[in-house]
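Undergrad: I'd like to go over a predicted model; first the sequence, then the structure.
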Amino acid sequence: MTQTETPAHSSVLHRDTRFIPKKAIGGKGSYIFLEDGTKFLDSTGGAAVSCLGHGHEGVIKAITDQLNELAYCHSAFFGTNASEELAKLLCESTGGKMTKLFVASSGSEAVEAALKLSRQYFLEVSPPQPQRTKFIARLPSYHGVTLGALAAGGYVLRRKPFEPLLAKHTSHVSPCYPYRHKTEGESDAEYVARLAEELDAEFQRVGPETVCAFIAEPVVGGSLGAVPAVPGYFPAMKAVCEKYGALFVLDEVMSGMGRCGTLHAWEDEGVVPDLQTIGKGLGAGYAPVSGLLISEKVVEAMDKGTGVFRHGQTYQGHPVACAAALAVQKIIKEENLLENVRAMGAYLEKQLRARVESHPNVGNVRGKGLFWGVEFVKDKATKEPFPTSSAVAFHVQETGLKPEYGVSLYAATGCVDGVLGDHILIAPPYNVTKEEIDIIVETAGKVIEEVFARMGSV
């Protein structure tokens, strides 16, 4: 982050101990106000979180009302109207395909719950299948920072320091990443068939009777940079899971809850998961909240078995978090914001491609809805990535933070092999306007031009 003072002046363990970020002192709509006077356009919603922007009075009122009613009670003893209403709304939003909701506080916690419930499901079915202890995920996926979620992911940079601590029950297959992995002349159908064969072979390699679940992001977020799957990919993956009796788990923490134009990312192709994690857009950043949506198939097995999910957290179903999420979801529906996501998403794509796609160091622009990524390359023809020492994405993000630009461009690396590869994410709020998108795109274009001019790559 941008250095503002010496580390000795802060008692916070910031993300980088050598730097202290600028202080945010307010926010309204798409903007955050900084202590140095900068009006900062939050074009990424933090990490694709602030889907309603900042300072939404309706959400603030719902939180205040809940605080006045009841701030906290333990879910082992009591339920609340907020949690019941949120669960009802979300389950109904799936057309009854998902019938229960487990509420936690972060995406990582939701993934942990999904992994544990996947395992417990096979202990609850009749007859039990205790030999199922393994998971299959994709490279270079990211499913969370806790040890279980980190083990499930295949993000090399994030895994490496903790590799000796990670469980060895997850193996990985290739992502659906057409820009780098689809071969010349290969059709979408042929590419899907090849990936389905790879997943099938992995089931066979580890023992199909030992696999609990396959887990994947419908649109891959930080680890690849807003990469959507080609048509037919997820139906093919689910078919492989069903062939071997494994669960099909979709991690929609970043790409779900409206971010890609439908409330649930799986709705686009109607590929219903057995378990679905949700998070960032669920509460729009107004409270730490995430969830696990559970299909009737899994619920029924639990009901006929012990009926007890052997997992619980202190802040599970927190009343204030549930009230915030409920308000956010009601506003998305009442203000018809999913239609705006689709319309403004199409506009963002058009403007972004027109402004930056021709740049010699922009290799690929991809995304869906209001979730877009730009991948940078050293050589456009060969798709050669920059060395990690260049820190391209970091420099783009830091340059955007300068007062003269005042825009967030979420930087990430590792899209090529988990280490190499630079990209940025753009994920504005669902109520973003054309005028704001024009500013985001033009400013991003100027930032990219400055960074590469400074590097001498143009």
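TA: Received the coordinates, thanks.
Undergrad: count the neighbours of residue 397 for me.
TA: Burial of residue 397, expressed as a neighbour count using other Cβ atoms under 10 Å, amounts to 23. Bear in mind the C-beta positions are built from the backbone N, C-alpha and C, glycine included.
Undergrad: cool, the one 10 residues further on as well?
TA: Neighbour count for residue 407, taken as other Cβ under 10 Å: 22.
Undergrad: from what I can see it touches residue 40, true?
TA: Yes - because the distance of 7.2 Å satisfies Cβ atoms under 8 Å, residue 407 is recorded as touching residue 40.
Undergrad: and the strands in the stretch 201-350 of the chain, which stretches?
TA: In order along the chain, the stretch 201-350 of the chain carries the following strands (DSSP state E, counting those that start in this stretch): 211-216, 219-220, 227-228, 247-252, 275-278, 290-295.
Undergrad: and the helix or strand encompassing residue 197 with strand 211-216, angle?
TA: Residue 197 is part of helix 188-206 when elements are defined by DSSP states H and E. For helix 188-206 and strand 211-216, the angle between their directions (axes from the mean of the first three to the mean of the last three Cα atoms, to 10 degrees) works out to 150 degrees.
Undergrad: and for helix 188-206, what's in contact with it?
TA: Counting by Cβ atoms under 8 Å, 6 or more residues apart in numbering, the neighbours of helix 188-206 from elsewhere in the structure are 134, 136, 171, 173-174, 176, 178, 181-183, 186, 211, 214, 230-233, 236-237, 239-240, 243-244, 246.
Undergrad: in helices, which of those fall?
TA: 178, 181, 233, 236-237, 239-240, 243-244 (DSSP state H).
Undergrad: just the buried ones from those?
TA: Judged by neighbour count, with 16 or more other Cβ atoms under 10 Å as the criterion, the buried members of the ones in helices among the contacts of helix 188-206 are 178, 233, 236-237, 240, 244.
Undergrad: and these as JSON lines, adding pLDDT and distance to residue 98?
TA: Compiled in JSON lines, these are given as follows (pLDDT from 0 to 100; distance: Cβ to Cβ, whole Å):
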{"residue": "178", "pLDDT": "98", "distance to residue 98": "29"}
{"residue": "233", "pLDDT": "98", "distance to residue 98": "21"}
{"residue": "236", "pLDDT": "98", "distance to residue 98": "22"}
{"residue": "237", "pLDDT": "98", "distance to residue 98": "18"}
{"residue": "240", "pLDDT": "98", "distance to residue 98": "21"}
{"residue": "244", "pLDDT": "98", "distance to residue 98": "22"}
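Undergrad: just give me the closest of the residues you listed to residue 95.
TA: Proximity of those to residue 95, judged by Cβ to Cβ, is greatest for residue 237, which lies at 21.1 Å.
Undergrad: looking at the strands of the stretch 201-350 of the chain, spot the one closest to residue 88.
TA: strand 290-295 (12.3 Å).
Undergrad: so what strands line up beside that closest one?
TA: With DSSP bridges as the test, strand 290-295 is paired with strand 98-104 (antiparallel), strand 275-278 (antiparallel).
Undergrad: how many degrees apart are it and strand 247-252 in direction?
TA: If you take the same axes, to 10 degrees, strand 290-295 sits at 150 degrees to strand 247-252.
Undergrad: going forward can the numbers begin at 55, since that is how I track them
TA: Renumbered: residue one is now 55, and that last one reads strand 344-349.
Undergrad: got the buried residues for strand 344-349?
TA: Within strand 344-349, the residues that qualify as buried are 344-349, counting by 16+ other Cβ under 10 Å.
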